[in-house]
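*Asks:* Mind folding the following:
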Amino acid sequence: MTRHYRGTDPLTGSPVEFWVTGETISATPVPGAETAVDGGWILPGLVDAHNHVGIAPGLGVDIEQARGYAYADAQAGTLLIREVGSPLDTHPLDDDPACPRFIRSGKHIARPKRYLRDYGVDLDDPDELAAEVARQAAAGDGWVKIVGDWIDREAGDLAPLWTRGQIESAVAVAHEHGARITAHVFGTDALVDLIGAGVDCIEHGTGLTDDLIDQLVDRSIALVPTMIQVENFPGIADGAERFPTYAAHMRSLHAGAGKVFASAREAGVAIFAGTDAGGFVEHGRIVDEIEALSKVGLGPAGAIAAASTNARRWLGADVLDDGHRADFVIYPANPVEDLAVLRHPAAVVSSGHHIV
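*Replies:* Alright, predicted model coming up:
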């Protein structure tokens, strides 16, 4: 059966019209198609650019649990997930039309006792970083994730995991393998070498300074600030009483995050929405992240674009063009005028299937 959809793009105000046969969009009218929607506001499926379907507190996630998390994200309108690190191989979910599409980065790459236990690959020899990047590039879908900083218990504070030379080699290898490389980083110290070495994206980025923000712009390095995860920093600090310097640092990063992200937006950094679901953050919260981004200067339209069309283009994913996968969300009113509309989609269509 072919279905016909007609509505309005809330970001441009332009009319939107297409036909869906199976999993695919057609811009060419199909005679005899059933009109499924005539009216409403249509967006490509939302994007969560920092998500961990294969992670939950306590770990041990199996594929059916991961499927449930993916369903929760899809029900909220998220139909594309960049899974930036997972101990579980979630590729079996690709055959489920009710799941979002995934773009994976393999497992986190860290060092022993310098990240959350059992989340990823711990390298005893940091000079093996580039070789491990090659392995994870082969396991992923065009991305690799390294842990740029974490608490060093001997120092009692956040500290970088890698040298500049190690990162430069890792970036070169990632690019040789056709992958982009992203880095988890909270503080400032690690950012200097990560940005200087030319990583493609910064996750969190609460330690950015004005000069580093300028370098992000100059080097076209993206930022996924995970604002609703940053709200957990005070709780993380409360649980780190043994490391008072680190705890104070995390509270300081939290206090300054809004200003940092607003400065990044004003400077022209490419910012995309990511919830960091899978640990402290529940799945299905993409609208919370969009609302948070709106408040640091992106505004409603900019925040929606950061979680839809702009994010999809950045990731090289389908939008609503002829021949693209039929992943889209329809809203009963214009979400640019009221972001709360995003919480109540009239329809969510995943791979041509109405799941809401």
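*Asks:* Could you pull out the strands in the stretch 101-250 of the chain for me?
*Replies:* 101-104, 108-110, 120-122, 143-147, 149-152, 157-160, 180-185, 201-204, 222-224 (DSSP state E, counting those that start in this stretch).
*Asks:* can I get the ones you listed in a markdown table with mean neighbour count?
*Replies:* Just so you know, the C-beta spots here come from the backbone N, C-alpha and C atoms, and that holds for glycine as well. What follows is those, written out as a markdown table (neighbours: other Cβ atoms under 10 Å):
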| stretch | mean neighbour count |
| --- | --- |
| strand 101-104 | 22 |
| strand 108-110 | 26 |
| strand 120-122 | 19 |
| strand 143-147 | 28 |
| strand 149-152 | 22 |
| strand 157-160 | 20 |
| strand 180-185 | 26 |
| strand 201-204 | 26 |
| strand 222-224 | 23 |
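*Asks:* In a markdown table: those strands, plus mean pLDDT and distance to I236.
*Replies:* Formatted as a markdown table, those follow (pLDDT from 0 to 100; distance: least, Cβ to Cβ, whole Å):
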| stretch | mean pLDDT | distance to I236 |
| --- | --- | --- |
| strand 101-104 | 98 | 26 |
| strand 108-110 | 98 | 17 |
| strand 120-122 | 96 | 19 |
| strand 143-147 | 98 | 15 |
| strand 149-152 | 98 | 10 |
| strand 157-160 | 98 | 11 |
| strand 180-185 | 98 | 14 |
| strand 201-204 | 98 | 12 |
| strand 222-224 | 99 | 19 |
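*Asks:* Burial check on H52, number of neighbours?
*Replies:* 27 (other Cβ atoms under 10 Å).
*Asks:* Spatially central, which residue of the chain would that be?
*Replies:* Among the residues of the chain, the one closest to the centroid is A49, at 1.4 Å (Cα atoms, centre = their mean).
*Asks:* The helix or strand containing that residue: which residues count as buried?
*Replies:* Element membership for A49 (DSSP states H and E) is strand 46-51. For strand 46-51, the neighbour count (16 or more other Cβ atoms under 10 Å) marks 46-51 as buried.
*Asks:* by contact count, what packs against it?
*Replies:* Here strand 46-51 touches strand 78-83, helix 286-293, helix 309-315, going by 3 or more Cβ pairs under 8 Å, 6 or more residues apart in numbering; DSSP states H and E.
*Asks:* quick one: the second one to strand 46-51, angle?
*Replies:* The directions of helix 286-293 and strand 46-51 differ by 80 degrees, with axes from the mean of the first three to the mean of the last three Cα atoms, to 10 degrees as the criterion.
*Asks:* any idea how far helix 286-293 is from the chain center?
*Replies:* In terms of Cα atoms, centre = their mean, to the nearest Å, the gap separating the centre of helix 286-293 from the centre of its chain is 12 Å.
*Asks:* Put the alpha carbons of it into PDB.
*Replies:* Output of helix 286-293 as PDB, limited to C-alpha atoms (Å, rounded to 0.1, in the frame of the first residue of the first chain):
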ATOM      1  CA  ILE A 286      15.000  14.200  23.500                       C
ATOM      2  CA  VAL A 287      12.400  16.900  24.000                       C
ATOM      3  CA  ASP A 288      14.000  17.900  27.300                       C
ATOM      4  CA  GLU A 289      17.300  18.300  25.500                       C
ATOM      5  CA  ILE A 290      15.700  20.400  22.800                       C
ATOM      6  CA  GLU A 291      14.100  22.700  25.400                       C
ATOM      7  CA  ALA A 292      17.400  23.100  27.200                       C
ATOM      8  CA  LEU A 293      19.200  24.000  24.000                       C
END
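*Asks:* Who are the packing partners of it?
*Replies:* The contact analysis (3+ Cβ pairs under 8 Å, 6+ apart) places helix 286-293 against strand 46-51, helix 227-230, helix 299-306.
*Asks:* Indicate which one of these is closest to L129.
*Replies:* Of all the helices and strands packed on helix 286-293, it is strand 46-51 that lies closest to L129, at 21.2 Å by Cβ to Cβ.
*Asks:* pLDDT of the closest one, averaged?
*Replies:* In this model, strand 46-51 carries a mean pLDDT of 98.
*Asks:* cool, stretch 65-85 as well?
*Replies:* Taken as a whole, stretch 65-85 has a mean pLDDT of 98.
*Asks:* So, low pLDDT: which residues of the chain?
*Replies:* Scanning the chain for pLDDT under 70 picks out nothing.
*Asks:* I'd like the domain boundaries of it, if you could list them.
*Replies:* 3-42+319-354, 45-315 (the TED database).
*Asks:* Next, the angle from the helix of greatest length in the chain to helix 286-293.
*Replies:* Counting residues, the longest helix in the chain under DSSP state H turns out to be helix 244-267. Angle of helix 244-267 versus helix 286-293, following the same axes, to 10 degrees, is 80 degrees.
*Asks:* Adding distance to E282 as columns, could you present the helices and strands packed on helix 286-293 in JSON lines?
*Replies:* Listed next are the helices and strands packed on helix 286-293 as JSON lines, based on distance: least, Cβ to Cβ, whole Å:
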{"stretch": "strand 46-51", "distance to E282": "11"}
{"stretch": "helix 227-230", "distance to E282": "10"}
{"stretch": "helix 299-306", "distance to E282": "20"}
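*Asks:* Out of these, which is closest to G198?
*Replies:* Here strand 46-51 is closest among the helices and strands packed on helix 286-293 (Cβ to Cβ), at 19.4 Å.
*Asks:* CA atoms only: put the helix or strand just after that closest one into CSV for me.
*Replies:* Downstream of strand 46-51, the first helix or strand assigned by DSSP H and E is helix 63-75. Below are the C-alpha coordinates for helix 63-75, written out as CSV (Å, rounded to 0.1, in the frame of the first residue of the first chain):
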residue,chain,number,x,y,z
ILE,A,63,19.5,-7.1,23.2
GLU,A,64,15.8,-7.2,24.3
GLN,A,65,16.4,-4.7,27.0
ALA,A,66,18.2,-2.5,24.4
ARG,A,67,15.2,-2.9,22.1
GLY,A,68,13.0,-1.6,24.8
TYR,A,69,15.2,1.5,25.3
ALA,A,70,15.2,2.0,21.6
TYR,A,71,11.4,1.8,21.5
ALA,A,72,11.2,4.5,24.2
ASP,A,73,13.3,6.8,22.2
ALA,A,74,11.3,6.1,19.0
GLN,A,75,8.0,6.7,20.8
